[in-house]
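# Sequence below, structure please.
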Amino acid sequence: MSVLVVYWVLLRPMANLVRHMSLRCCAVTVVLCSAWSLIFFLTPVLEGNSQPRQAIAQIIIRASPLGYVHIFFAGVVLSRMFILTAMKDAETDGPVSAETQRLKLNAGEAPCLLRFGCCLGYLVYALLVVCDPKDHGYLAFHNGGLIPLMGLILVGAAVGVDPIADWIFKSSPFIMVGRVSYIQYLFQRSVWTMMKLQFNADWFPWVFPFVLVAFAWAFQRWLEAPLTDWQRLRLESDTKGGLEQIIDWLDGIGSWRRAVVLGLIICMTFTPSILVIALPSWCNAVGQFAGFDVSTC
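Numbering: from 1, shown residues only. Predicted coordinates for the structure are as follows:
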């Protein structure tokens, strides 16, 4: 089960929370979410020189739904920032307000930072790649440290006037890759494992990206697209099956109390796997602290 299930349950309460946030409050929230990644620089204090403690710290920080909830929440807040800075009321052509019912893009009035967000974001990212942060810096950047940078790129691309977004991302090849990108993300490990088992050769990692794109395109063309069309027809005909009822029920979770309770219940499904991974390390850590051998734990 993916941790995304927990986040989907929390999506509506999060959206209700940020619906009336000001731009300044959104910016502060994004910075705070990104600051959570600094905990990786504190792990040497938590770990000491003990390998078991290192394993425990990594499991607590990374191997649970709570480990990435700040990234998901930052994405919700960034969507609010995009609405406030690059969209307007479609009926009045004025700024977005609490009474706004319909929105439309207002790229011409977007801040210069967002209109060139892709160029600036990828430039900074290239500098980070050249610097090649190691150890805890690498973990920090991959666990929320890049939230402002990735937000700049995503919102800049959404505005649509950035040269990279306009000339490259809107081209047919990139539109196709974007259409199948989520399928690539979901199946990258499965395709890699299948190829590794079938082709015991040095060349298969070079072929893997092309095979993954081809697989994702076929999946999207012959499975996802027909299923989407079928769901659209059911929606237009107001047909309510079991799947639609589940979606409506999840969409109706609008209060924090219900969402948190359900999220905690789902989190419990991750507990056995985390314990299986962490128990040997915990036993060794306790043994080292107490001064006796528990290697057979």
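
# Please tell me how far Pro111 sits from Leu152.
Pro111 sits 11 Å away from Leu152, taking CB to CB, to the nearest Å as the criterion. For glycine as for every other residue, the C-beta is placed from the backbone atoms N, C-alpha and C.

# Out of the two, name the residue with the larger neighbour count.
It is Leu152, of Pro111 and Leu152, that has more neighbours when counted by other CB atoms under 10 Å, with 23 against 12.

# What helix or strand is the more buried one located in?
helix 147-159 (DSSP states H and E).

# Low-confidence ranges, the stretch 101-250 of the chain, go.
Within the stretch 101-250 of the chain, the stretches with pLDDT under 70 are 133-136, 247, 250.

# Please give me every residue in contact with Thr100.
Thr100 is in contact with 89, 91, counting by CB atoms under 8 Å, 6 or more residues apart in numbering.

# Does it belong to a helix, a strand or coil?
coil (DSSP: H, G, I helix; E, B strand; the rest coil).

# From Gln188, how far out is it?
Distance from Thr100 to Gln188, by CB to CB: 39 Å.

# swap in Leu103?
For Leu103, the distance to Gln188 - CB to CB - is 34 Å.

# repeat for Ala98
For Ala98 relative to Gln188 (CB to CB), the value is 42 Å.

# what do you get for Val211?
According to CB to CB, Val211 and Gln188 sit 11 Å apart.

# what about the strands in this structure?
Listed in chain order, the strands of the chain (DSSP state E) span 87-89, 103-105.

# Once you drop chain neighbours, what's closest to Gly178?
Phe169 (7.4 Å; CB to CB, 6 or more residues apart in numbering).

# how many other residues sit next to that neighbour?
With other CB under 10 Å as criterion, Phe169 counts 15.

# likewise Trp36?
So Trp36, with other CB under 10 Å, has 20 neighbours.

# Likewise for Asp162?
Neighbour tally, Asp162, other CB under 10 Å: 26.

# residues in contact with the residue nearest to Gly178?
Counted by CB under 8 Å, 6+ apart, Phe169 has contacts 118, 157, 175, 178.

# let's see it at 10 Å
Residues near Phe169 by CB atoms under 10 Å, 6 or more residues apart in numbering: 118, 157, 160, 162, 175, 177-178.

# Which of those residues are buried? Put it as a ChimeraX command.
In ChimeraX, this line selects whichever of the contacts of Phe169 come out buried by 16 or more other CB atoms under 10 Å:
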select :118,157,162
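
# quick check, nearest of the contacts of Phe169 to Ala15?
Ala157 (21.4 Å; CB to CB).

# Let me see the contact set for the closest one.
114, 117-118, 121, 164-166, 168-170, 178.

# repeat that with 6 Å
Residues near Ala157 by CB atoms under 6 Å, 6 or more residues apart in numbering: 118, 165, 169.

# With distance to Met87 as added columns, please give those residues in JSON lines.
What follows is the contacts of Ala157, written out as JSON lines (distance: CB to CB, whole Å):
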{"residue": "Cys118", "distance to Met87": "18"}
{"residue": "Ala165", "distance to Met87": "16"}
{"residue": "Phe169", "distance to Met87": "19"}
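
# For Ile83, state which of the residues you listed is nearest.
Distances from Ile83 to those, taken by CB to CB, are shortest for Ala165, at 18.1 Å.

# Count the residues that sit near Thr228.
11.

# Tell me the spacing between it and Ala165.
Distance from Thr228 to Ala165, by CB to CB: 25 Å.

# for Trp192, same thing?
Counting by CB to CB, the gap from Trp192 to Ala165 is 30 Å.

# the more surrounded of these two?
Ala165 (21 against 15).

# Out of the strands of the chain, which is the most enclosed?
Mean neighbour count (mean count of other CB atoms under 10 Å) peaks for strand 87-89 among the strands of the chain, with a mean of 18.

# roughly how far out does that one sit from the chain middle?
26 Å (CA atoms, centre = their mean, to the nearest Å).

# Packing partners of that strand?
For strand 87-89, there is no helix or strand it packs on, judged by 3 or more CB pairs under 6 Å, 6 or more residues apart in numbering; DSSP states H and E.

# any residues touching that strand, and which ones?
By CB under 6 Å, 6+ apart, strand 87-89 touches 100, 103, 105-106.
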